[in-house]
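Novice: Sequence and computational prediction follow.
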Amino acid sequence: MDHVQQNYSLNHAHWQEFKSASWQKTTVTWSFADFNTSAERIKFDGFITNADFQEAIRAAFAEWASVANLEFIESDDTSGVDVRIGFGDLDGARGVLATTDYFYSGTMLKESFIRFDTAESWQSSLTSNSQTPTYLVALHEIGHALGLGHSTTGADTVMKATLNRGAEGLGADDIEGIQKLYGAVAERQTEAGSAPDALAGTGCGCGCGDSGFKCDNPDHQPDASTQTPNVPGLTPDLSQALGDTTEAVVYRLYLAAFDRAPDADGFGFWVDMASDALDFTAVAQTMMQSDEFQAKYAEATTSHAFVETLYENILDRDGEADGVGFWSNMIETGSLSRADVLAQFAESHETMAHLTAAVHADDHLIF
C-alpha cells in the first residue's frame, strides 16, 4: 500500500497531473479523531473539540458534497473510518498550516488522515484576517483526502499550494477536478426506484431502491451455480487478492460474500461486471442477490445479525460490541447499505492482514 503526504505549501502540480487515487465508492465516512493506538500509521498530537472549529469542518464537507456525487457520513471515531481529522505538531506558526496523509493501493484510496497545525491561530469564520481561516484550509485538505493534488489554475481555487485568502469557497477548477473523479451531484433518492440507473454490460435495467441495486430482468439474476463466461487466461489464485487491480478487489469481494475462493468461471463473470460497472458496491449488491449468498445469510434477518455474520465469515471471529453496534447503526439509519458494509469489510485492514498472512504461509484455506 502506497503512502502520500500533502502539505499545504508544497509543489505546484495541477490536480489533473497529480491525482493518484480516489475512493471507489460514493459514501465516505469521516470523524474527529479522539484516540491514538500503537498500530495507527499516523499519530495525532491533539484532538479537535472546539465547537466552532468542528462546524467549519462540517461546512467544508458539505460544500464538497454539494458539487460532487459524494455523501459524507460523520461517524464516531474508530480505526475503520475513512478520513480521520485532528491536530498535529507540524512546523510551528506560519509555515505548514495543515497536512493530509493518505494511503492507497493502485487507484483506490484506503484511508486518509488530516492534521491541522497546533501552532496556528485558527478562526472559524470566512472573514480573512490575521488568523488562519479554518474553513478554507479544511476545504483544501479534504480535497487532498478525496484524491486531488495542488492546482496552479484559477484565482479562486482552494487547491493552490499556498493559502488563497481571496477564495470564498470552491472554485471552478476545484469543482472540475472533483467531478472528474466522482461525477457531478447525483439526484438524491427519496422513494424506492425513483433514481433509475443501469449496470453496464449486463443488459438489465436496475433501480436504486431501499435495498440498493435490484435487477428487473430474471435472466440476469446471478446464481453461483450458473456457468458464466471466463476471462481468457484468468485463473483465480489467492495471491491475486493482494493486488490493486480489478481482479484483486473482486477476489476480496468474492471471499467476503461467499466465504470461499472463487471458481474460474464465476470469477471471470464478476471481473467482467466490475470492469463494465466501475462500481464495486454495485457488484457487491449483485453478489448479495445470488442464491448462494441468500442461503448463507438466510438467518441474518436483522442488521445486527447481518453484521455479526460478516464478522464470522470474513474476519473469522466474533464482532466486538462497539463494532457491531457501529455498522448496524450505519445500516439502520440508511447511512450505508448492506452492500456498502460488505464492501468495506472486504477492504478492511484486518482482511488485508489476514490475506497477507495466508499468502505468505501458502495457505489457501482461509475464511
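Specialist: Structure's in. What do you need? Just so you know, these numbers come straight off a predicted model, no measurement behind them. Numbers count the residues shown, from 1 in each chain.

Novice: what about the strands in the stretch 201-350 of the chain?
Specialist: 204-209, 212-215 (DSSP state E, counting those that start in this stretch).

Novice: avg pLDDT for the one helix or strand H144 maps to?
Specialist: Using DSSP states H and E, H144 falls within helix 134-145. Across helix 134-145, the average pLDDT comes to 92.

Novice: other SSEs contacting it?
Specialist: helix 51-67, strand 98-105, strand 108-117, helix 172-182 (3 or more Cβ pairs under 8 Å, 6 or more residues apart in numbering; DSSP states H and E). Placement of C-beta: from N, CA and C, glycine included.

Novice: Give me the residues contacting that helix.
Specialist: 6, 8, 52-53, 56-57, 59-61, 63-64, 83, 97-100, 102, 109, 112, 114, 116, 122-126, 158-159, 163-165, 167, 169-170, 174, 177-178 (Cβ atoms under 8 Å, 6 or more residues apart in numbering).

Novice: go with 7 Å
Specialist: With contact meaning Cβ atoms under 7 Å, 6 or more residues apart in numbering, helix 134-145 is reached by 6, 8, 53, 56-57, 59-61, 63-64, 83, 97-98, 100, 102, 112, 114, 116, 122-124, 126, 158-159, 163, 167, 170, 174.

Novice: what angle separates it from helix 172-182?
Specialist: 40 degrees (axes from the mean of the first three to the mean of the last three Cα atoms, to 10 degrees).

Novice: So S151, which state does it fall into?
Specialist: coil (DSSP: H, G, I helix; E, B strand; the rest coil).

Novice: which SS state does the closest residue to it other than its chain neighbours fall under?
Specialist: Closest residue to S151 apart from its sequence neighbours, by Cβ to Cβ, 6 or more residues apart in numbering: M159 at 4.1 Å. Following three-state DSSP, M159 is assigned to coil.

Novice: My guess is M159 contacts G147. True?
Specialist: No: using Cβ atoms under 7 Å, M159 is not in contact with G147, being 11.3 Å away.

Novice: sorry, back to before: filter the contacts of helix 134-145 down to the buried ones.
Specialist: With burial judged by 16 or more other Cβ atoms under 10 Å, the buried subset of the contacts of helix 134-145 is 6, 8, 53, 56-57, 59-61, 63-64, 83, 97-98, 100, 102, 112, 114, 116, 122-124, 158-159, 163, 167, 170, 174.

Novice: D340 and T27 touch, don't they?
Specialist: Yes: between D340 and T27 there is a contact under Cβ under 7 Å: 5.9 Å.

Novice: Thank you kindly, that will do.
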